[in-house]
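In: Okay, structure incoming, though there's no sequence with it:
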């Protein structure tokens, strides 16, 4: 019997104590099957992942386009049918399956879920024997690595969500306590914000600030289609975000390359 894990089921990765750091390459909004999919951009991203011995990957949805007759996307312009989209993603992502930390669906994959009860992103991860790393709506991830001291590793809390209304997506990170990084997509807008929350520490009877990063990933699509028809503003998708988590001290660094 297939059992999809609950969103609140924490994904825990306890990595090697000898790791100096890891580099997380988020990926989302590929839209495989859309004629606007930018294969060159994906291949550049994949080469970076494959060449980086410290690389890890998180998947934030809309990897497959999954157009339907009721969607904005024109199904007659699709370059792959839904089955071919799943096969393509399975083959390509299979090359770096050991680097994947977690994956969620986006609103495009949810089309199949809503209409037919089929979860394309779950199917892909299940075929890669990674079904335990799939969450349908939001993924909460704890990553331990390196050696902070003799008894403790560095520990990081990461949250994945695809995204919804822009204002809601920007405000939602303040809901979650203890988070170091939140990664979203959906808007095809590459951007990041360093935010802080006021934290009351009852145990130590103090009040302080807790910093977190909110990262919105770029898309792997060319400008066109319903985005152009709807007069959406073009965004630069040529920059790739990389999150580096340090293994010797609690430190998150974000770079765009």
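Out: Ah, there it is. Just so it is clear, the structure is predicted and the values come from calculations on it, not from any experiment.
In: For residue 92, which three-state class applies?
Out: helix (DSSP: H, G, I helix; E, B strand; the rest coil).
In: After the lowest-mean-pLDDT helix or strand in the chain, which helix or strand is next?
Out: The helix or strand of the chain with the poorest confidence is helix 225-229; it has a mean of 77 (mean pLDDT, DSSP states H and E). Toward the C-terminal end, the helix or strand that comes next after helix 225-229 (DSSP states H and E) is strand 241-246.
In: just checking, what packs against that following strand?
Out: Helices and strands touching strand 241-246, by 3 or more CB pairs under 8 Å, 6 or more residues apart in numbering; DSSP states H and E, are strand 21-27, strand 154-161, strand 206-216, strand 252-256. C-betas here are computed from N, CA, C, even on glycine.
In: redo that, cut-off 6 Å
Out: If you count contacts as 3 or more CB pairs under 6 Å, 6 or more residues apart in numbering; DSSP states H and E, strand 241-246 packs onto strand 21-27, strand 252-256.
In: From start to finish, how long is stretch 87-106 in a straight line?
Out: In stretch 87-106, first residue to last residue: 18 Å (CA to CA, to the nearest Å).
In: Buried ones in that stretch, by neighbour count?
Out: 88-90, 92-93, 96, 99-106 (16 or more other CB atoms under 10 Å).
In: Can you give the contact residues for that stretch?
Out: 11, 13, 32, 49, 55-59, 61-63, 121, 124-125, 127-128, 130, 133-135, 139, 141, 160, 162 (CB atoms under 6 Å, 6 or more residues apart in numbering).
In: cutoff 7 Å now
Out: 11, 13, 28, 32, 49-50, 55-64, 80, 113, 119, 121, 124-125, 127-128, 130, 133-139, 141, 143, 160, 162, 185-186 (CB atoms under 7 Å, 6 or more residues apart in numbering).
In: for stretch 169-186, same thing?
Out: Contacts for stretch 169-186 (CB under 7 Å, 6+ apart): 26, 28-29, 58, 60-62, 106-107, 156-163, 195, 197, 212-217, 243, 252.
In: Give me the outermost residue of this structure relative to its centroid.
Out: Centroid-distance maximum for the chain: residue 205 at 36.0 Å, with CA atoms, centre = their mean.
In: picking that back up, for PyMOL, what selects the buried ones among the contacts of stretch 169-186?
Out: The buried residues among these can be selected in PyMOL (16+ other CB under 10 Å) with this line:
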select buried, resi 26+28+29+58+60+61+62+106+107+156+157+158+159+160+161+162+163+197+212+213+214+215+216+217+243+252
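In: what are the ranges of the helices in the stretch 1-150 of the chain?
Out: Per DSSP state H, counting those that start in this stretch, the stretch 1-150 of the chain carries helices over the ranges 39-51, 82-94, 107-116, 120-127.
In: Identify the residue nearest the geometric centre of this structure.
Out: Within the chain, and using CA atoms, centre = their mean, the residue nearest to the centre is residue 60, at 2.9 Å.
In: number of nearby residues for residue 231?
Out: 6 (other CB atoms under 10 Å).
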